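Trainee: Take a look and give me a structure for this.
(chains A and B)
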There are 2 protein chains.
Amino acid sequence: MKYTIGIELGVKNIVAGILDKNGKLIRRDTVPTNKDREFQEIIKDVCTLIKKIAEDEDIEIKNIKYIGVGCPGVTDNKSGIVIKNYSLNFTNAHIRNEIQKHINLPVFVENDANCVAIAEYLLGAAYGTESSLIIKVGVGIGGGIIIDGSIYNGFNFGGTEFGHMVIEYNGRQCSCGRKGCWEQYVSGSSLINQTKQLAADNPDSILGKMVMNNVAQITELTVFEAAKAGDEMAKKLCSEFIEYFAEGLTNIVNILMPEVVIIAGPISKLGNTIVNPLVELLKDRIYSKELNLPEFKMAEMGNAGIVVGAAMLGSFKDEKLDDLV
Amino acid sequence: MKYTIGIELGVKNIVAGILDKNGKLIRRDTVPTNKDREFQEIIKDVCTLIKKIAEDEDIEIKNIKYIGVGCPGVTDNKSGIVIKNYSLNFTNAHIRNEIQKHINLPVFVENDANCVAIAEYLLGAAYGTESSLIIKVGVGIGGGIIIDGSIYNGFNFGGTEFGHMVIEYNGRQCSCGRKGCWEQYVSGSSLINQTKQLAADNPDSILGKMVMNNVAQITELTVFEAAKAGDEMAKKLCSEFIEYFAEGLTNIVNILMPEVVIIAGPISKLGNTIVNPLVELLKDRIYSKELNLPEFKMAEMGNAGIVVGAAMLGSFKDEKLDDLV
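Mentor: Numbering: from 1, shown residues only, chains lettered A, B, ... in the order given. Predicted coordinates for the structure are as follows:
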């Protein structure tokens, strides 16, 4: 019983990893999600991938302790169900039951941002802290809260939707139906879209020349690179992004004041380029100015955060393994 | 050791109460705070008031188990210190030490909104729930979070500042320095100020006639009474208030999703007049629309919430009494 399996059920790809008893990711493999299929078909591929990586490592299924699955959306970790997930279009998807039709092992299911929070808490940037909060800037904004070593999900698993906090009354239209949600200003997708527009409108700018009208190559980092190279309009867009980031972050810190705030997702590669100006703005804006700010850190687990956190779901709270398989 | 004392250290008045072992408030008395004095002078009056109510009830000090103090501001409940309180102008005020100069009893100190949260949790509207959240609409907006039967304060006691969540980017100027904080739209003071303005601008309206230019009698409830009597402009102001209330509340519910949300402060007298439209708006706005909403309730402890919660601080977590006196 030395190994555990972690699954990232992503919108583009399914990622499976094997963790050894020391928490080391000894193998990782991936297949496309092809998300427009029935959920049973997707889970079948998850199970085939699990069997493949176990076989590749010469590990028998009986030597695997459990499978953990990290999935976007509202997740009932007690029943192993994804209640709702807009990006994969799951509604009340019984992930645990469906996996156990193919593989006879305990299965844990958790929201993907919570998996990252767990991985960072057990092995990464939040190691040794009592309360931590993860802000995962991706397609939207995902979040995870750890209080006294436990994931806080809300009474019906519907909490930590940090991205759906209105910061601008009657502001930009959000997919959730409200106007002015934080993730309309600070998500990776909104940043990429704004960068594309800026490059298209200004083909002769540093940014425009950098991408040479090939806007498909634009990532969350592109506009920061252009700003560093001296593009004034790119600098303005970066400042705006950080300004809105700080506004939502100050709200969250005023409410929750965790010991550590971890920023995850592609922009975490920016390191101090983003942390330093954020901290300066927060110092000025936080309600209790005489108190120490939380520590702001970049996620340390990188792309592996979801898989590693998922593979530790059963070890995170020991009682879970008995109660919830 | 049958009795405990609870103190509300308010901006206008000091209130002291005696709780018997059944949690019943058997006596309450009050003296003016005269807040512009040295904090030592204020605490001296607190102690005189404690001695007086004990004497009035023929209770010897040695038969009192402990004193609990509820105070506005950022409060370090471990050390018994008010770190910062703008309304009473306390900075690092050692409440416990100062009281113990006059009365030799264990002393607990907690933020006043947290005291209300504790009282509602132990005896009132949140009784029997796992997680609850209190929104106290007064001069500003105070808050308290209870998770798994413990007060959540943040790592440096700087959390639960719900009022200082920007909901309108670049909106109304707040005393904290930011613009657009929720309490600029939803506090009792902002509602009273807007009602006064409306009455002054429209002396012949139902509201104007109701207050007969005596704007000093206007409370948080006045505009709701005028709306009920058919005043169209009052109705508009009430709708705006509820609209902004719902906007901030939806943010908080999306982030924390507690089992119960308790609304405290003078507007809690409005009952369903305010709860029903709030719930309708939240149903429509909450991110996870397929989930059950938290239950919304009005505080049940009324004016006594702070005193009763303070008088139970040492019983709330048993270990506290040993650790922290």
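
Trainee: all contacts plus neighbour counts: C-alpha atoms, from now on.
Mentor: Fine.

Trainee: now the helix or strand hosting residue A:273: mean pLDDT?
Mentor: Assigned by DSSP states H and E, residue A:273 belongs to helix A:272-285. The average pLDDT within helix A:272-285 is 95.

Trainee: buried ones in stretch A:166-174?
Mentor: Of the residues in stretch A:166-174, those buried by neighbour count under the rule 16 or more other Cα atoms under 10 Å in any protein chain shown are A:166, A:167, A:168, A:169, A:171, A:172, A:174.

Trainee: touching chain B at all, the helix or strand where residue A:243 lies?
Mentor: Using DSSP H and E, residue A:243 sits in helix A:232-256. Yes. Using Cα under 8 Å from any Cα of the partner chain, we find that helix A:232-256 touches chain B at A:247, A:248, A:250, A:251, A:252, A:253, A:254, A:255, A:256.

Trainee: Count the residues that sit near the residue lying closest to residue A:21 once chain neighbours are set aside.
Mentor: Spatial nearest neighbour of residue A:21, excluding adjacent residues (Cα to Cα, 6 or more residues apart in numbering or on different chains): residue A:2 at 5.3 Å. Around residue A:2 there are 12 other residues, counting by other Cα atoms under 10 Å in any protein chain shown.

Trainee: Could you report the distance from residue A:2 to residue A:288?
Mentor: In this structure, residue A:2 and residue A:288 are 47 Å apart, going by Cα to Cα, to the nearest Å.

Trainee: if we can go back for a sec, can you tell me which of the buried residues of stretch A:166-174 are in strands?
Mentor: Judged by DSSP state E, the buried residues of stretch A:166-174 include no members of strands.

Trainee: can you redo the residues you listed as JSON lines with distance to chain B and pLDDT?
Mentor: Output for the buried residues of stretch A:166-174, formatted as JSON lines (distance: Cα to the nearest Cα, whole Å; pLDDT from 0 to 100):
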{"residue": "A:166", "distance to chain B": "6", "pLDDT": "98"}
{"residue": "A:167", "distance to chain B": "4", "pLDDT": "98"}
{"residue": "A:168", "distance to chain B": "4", "pLDDT": "98"}
{"residue": "A:169", "distance to chain B": "5", "pLDDT": "97"}
{"residue": "A:171", "distance to chain B": "9", "pLDDT": "97"}
{"residue": "A:172", "distance to chain B": "12", "pLDDT": "96"}
{"residue": "A:174", "distance to chain B": "10", "pLDDT": "94"}
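
Trainee: Count the residues that sit near residue A:36.
Mentor: Count around residue A:36 with other Cα under 10 Å applied: 12.

Trainee: Residue A:121 too?
Mentor: There are 25 residues near residue A:121, going by other Cα under 10 Å.

Trainee: That one contacts residue A:133, doesn't it?
Mentor: No. Counting by Cα atoms under 8 Å, residue A:121 does not reach residue A:133; the two are 9.5 Å apart.

Trainee: Next one: residue A:227 from residue A:236, what distance?
Mentor: Remark: distance between residue A:227 and residue A:236 (Cα to Cα) = 8 Å.

Trainee: who's more crowded, these two?
Mentor: Using other Cα under 10 Å as the criterion, residue A:227 and residue A:236 rank with residue A:227 on top: 19 against 13.

Trainee: Need the three-state assignment for that one.
Mentor: In three-state terms, and counting by DSSP: H, G, I helix; E, B strand; the rest coil, residue A:227 is helix.

Trainee: residues contacting it?
Mentor: Counting by Cα atoms under 8 Å, 6 or more residues apart in numbering or on different chains, residue A:227 touches A:233, A:234, A:235, A:238.

Trainee: now the residues of helix A:232-256 next to chain B: which count as buried?
Mentor: A:247, A:248, A:250, A:251, A:252, A:253, A:254, A:255, A:256.

Trainee: If anything else comes up later, I'll come back, but that's it for now.
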